[in-house]
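>>> 3D model of this:
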Amino acid sequence: MAAKDAAESAREDLDRWRKQASENQYTNDRFIRRLLHCHLGPRWAEADALLRAVSDQAGARLDGFVRESNRDENLPQLRRYDRFGRAVEEVVFHPAYHEAGRIFWSSGVLAALAKPGNEVLSGGIAYLLDQHGEAGHACPVACTAGAIKLVQQVGSADQKRRLLPRLLSSDYDQRLHAAQFVTEVQGGSDVGANSCRARADHRRKGWYRISGEKWFCSVADAELFVVSARVDGSPSGTSGLGLFLVPRHIDGRVNGFNLRNLKRKLGTRSMATGEIEFDFALGEAIGELSRGFKNLVAIVLDTSRVHNAIAACGITRRALAEGHAYAQHRRAFSNQIAQYAGVQEILARMKLSTMTALSTTFRILAMSDLIDTGQANKDLVAARRISVMINKYWTALTSTACARDGIELLGGNGTIEDFSVLPRLYRDAIVVESWEGTHNTLVAQVLRDFSERGLHQPWLDRIRAEVDLIDHPQLASIAGTARSELEAVEGRISKLLAEEPRAAAAQIRHVVNHMCRLTDWVALATQLQWETTWGVKADTADALELYSLTRLLKADPQVAPELIDLQRRFSETI
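Residues are numbered from 1 along each chain as shown. This is a model prediction of the structure:
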């Protein structure tokens, strides 16, 4: 009987953990509310009400749909022909997938983009949704956001009239969702090696016939494809690539493509990724053909990289919430495991990682709002370009590490698919690391931007300007640390650019790591400046102290006993 009572007591603890971990995560997320208040200013109250409503829908209800649609037997299936043998090239999803999609789209995450200056708000909504991992819809939302911005910025008046209303729709069943098909089997990150062709259709001005293969096609069910293709007679390399909008259907029929298969991926499994072959598919040029690759990178890929970072933030936060709640209710050796110093260290590390990832990502979204509303110059655009690349790299690493930490906190239970969301989050996080530019691709581009375009200078200038704004008397030592770190990073960049190319390529990742740590510090310090000015009582100062001890100064806990108490205090809340 005693053994049975002990088992039932343990199950009751697990019930309490599940209930706590399923609570409204926006209400419990003190830091994101403060961060959004800082960035949104007078728009905060209206945004707060919207985000609370989104979080109500994006909690346990969405979680149930996502879990169901990610079961092995419910993953997307390819149906190439209808019952009469006509080609349909259709992806069939489980009903739970569509219910999850209705929550994603009705949140207004894309509708918010109709007006310039709503990147922070849209990012806040996406962050709440992305706490379920990719969930089958985070990537479609990101790709559709990229298509929206592409049409808004370089589309013709006719394209805007025809496409934007449905791209911006909050109605899942009426939406026009998009994909971006760039990667080819022989190219990968080397987009200049792409061979997919585009030939002008002489019967339709501005339209082309697209032929060739695309190797990694996420959102294979999309109704609109953004496709890169080499125009006949154009030069080799990326300069010869045009950008095209290819509708899935023309006059109700499949538009000249075959879905060869759906890929079985490590993560993001409920979102369909396939291989597609185009056979004279009709596509209309978007923007100037000669600027196809530049528009692809500056608009579409840039948007996906920012969404990638938001997704990483969502995964990081969810792993923290799961692990923290579990530690409050799981008992070992007669104590809650949250009382053990080793658990406190992990929780403190996860919380700090969540705060830094959010701070740097919403810093970029705030830059985007300044640019979109005409309040920025070319130097801010350049600084943001570098920031987006290094932040995508850094937050992706963070999400994987935090998902792994969460699994450790749950022990063997953390590896069980039906027990917690963490195994799926871990798989999704690894995919997040690879999407929209691998680590080497990103840091290599940073090096090229520094050496060929001098973009390190506007990036450094932007950081310096933000450091100069940290002028509250109580934050003098924090600002001093920022200046010291900035000077060190500036020196490392100067030394890097003086190296011969092979040596510089070998060192760039280490320099980027230092840049990321500096950005973490400055973004957190900027938030603390706002909190201190407004008299907000929070733990951001503790976050900076912990960052200094564990990342900037790399203190050994054995020789820094104050760290143990700081980790205990910091880990008590999330």
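>>> Hmm, Asp171 is touching Trp105, no?
Yes. Judged on Cβ atoms under 8 Å, Asp171 makes contact with Trp105 at a distance of 6.9 Å. The C-beta positions use only the backbone N, C-alpha and C, and glycine is treated the same way.
>>> quick one: which of these two has more around it?
Set side by side, Asp171 and Trp105 show more neighbours around Trp105, with 23 against 11, by other Cβ atoms under 10 Å.
>>> residues contacting that one?
137, 169-172, 175 (Cβ atoms under 8 Å, 6 or more residues apart in numbering).
>>> can you list those residues in a markdown table and add pLDDT?
Listed next are the contacts of Trp105 as a markdown table, based on pLDDT from 0 to 100:
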| residue | pLDDT |
| --- | --- |
| His137 | 98 |
| Ser169 | 98 |
| Ser170 | 98 |
| Asp171 | 98 |
| Tyr172 | 98 |
| Arg175 | 97 |
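>>> Tell me the buried residues within the residues you listed.
137, 169-170, 172, 175 (16 or more other Cβ atoms under 10 Å).
>>> ok, for Asn74, nearest residue in space, not its chain neighbours?
Using Cβ to Cβ, 6 or more residues apart in numbering and skipping residues adjacent in sequence, the residue nearest Asn74 is His94, 3.9 Å away.
>>> Just confirm the one you found contacts Glu68, I think it does.
Yes. In this structure, His94 is within contact of Glu68 by Cβ under 8 Å, at 6.8 Å.
>>> Need the overlap of contacts for these two.
Asn74.
>>> neighbour-wise, which of the two wins?
His94 (20 against 16).
>>> Please name the residues that touch the more buried one.
68-69, 74-76, 270.
>>> Looking at those residues, which is nearest Leu259?
Using Cβ to Cβ, Pro76 is the member of the contacts of His94 that lies nearest Leu259, at 10.9 Å.
>>> So the closest one sits against Ala272, correct?
Yes. When contacts are counted by Cβ under 8 Å, Pro76 is listed as touching Ala272 (4.3 Å).
>>> So these two - more neighbours on which side?
Comparing Pro76 with Ala272 by neighbour count (other Cβ under 10 Å), the higher total belongs to Ala272, at 28 against 21.
>>> For the more buried one, give its distance to Ala138.
13 Å (Cβ to Cβ, to the nearest Å).
>>> Same check on Phe362?
To Ala138, Phe362 is 17 Å away according to Cβ to Cβ.
>>> Thr573 too?
Distance, Thr573 to Ala138, using Cβ to Cβ: 27 Å.
>>> Compare the two and say which is more crowded by neighbours.
In this view Thr573 and Ala138 are compared by other Cβ under 10 Å, and Ala138 has more residues nearby, 26 against 13.
>>> That one reaches Ala126, doesn't it?
Yes. Counting by Cβ under 8 Å, Ala138 does reach Ala126; the two are 7.3 Å apart.
>>> Which residues are in contact with each of these two?
What both Ala138 and Ala126 touch, as defined by Cβ under 8 Å, 6+ apart, is the set 307, 311, 314.
>>> Name the helix or strand for the last one, please.
In other words, Gly314. Applying DSSP states H and E as the criterion places Gly314 in helix 302-329.
>>> How is Ser399 assigned, secondary-structure-wise?
helix (DSSP: H, G, I helix; E, B strand; the rest coil).
>>> contacting residues around it?
For Ser399, the contact set (Cβ under 8 Å, 6+ apart) comprises 311-313, 315-316, 319, 357, 429, 432-433.
>>> helix or strand for the closest residue to Leu320 other than its chain neighbours, which one?
Leaving aside its sequence neighbours, Leu320 sits nearest to Met350 (Cβ to Cβ, 6+ apart; 4.5 Å). Under the criterion of DSSP H and E, Met350 resides in helix 341-372.
>>> What are the buried residues along that helix?
Neighbour-count burial for helix 341-372 [16+ other Cβ under 10 Å]: 343-372.
>>> returning to that earlier point: so the residue nearest to Asn74 versus Pro140, what's the distance?
According to Cβ to Cβ, His94 and Pro140 sit 15 Å apart.
>>> one step back: restricted to helices, list the contacts of His94.
Judged by DSSP state H, those include 68-69 as members of helices.
>>> Now render the contacts of His94 as a markdown table, adding pLDDT and distance to Thr533.
Shown next, in a markdown table, are the contacts of His94 (pLDDT from 0 to 100; distance: Cβ to Cβ, whole Å):
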| residue | pLDDT | distance to Thr533 |
| --- | --- | --- |
| Glu68 | 96 | 46 |
| Ser69 | 97 | 45 |
| Asn74 | 97 | 50 |
| Leu75 | 98 | 50 |
| Pro76 | 98 | 49 |
| Ser270 | 97 | 44 |
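>>> Now for the contacts of His94: which two are most distant?
Top of the distance list for these (Cβ to Cβ): Glu68 and Pro76, 13.2 Å.
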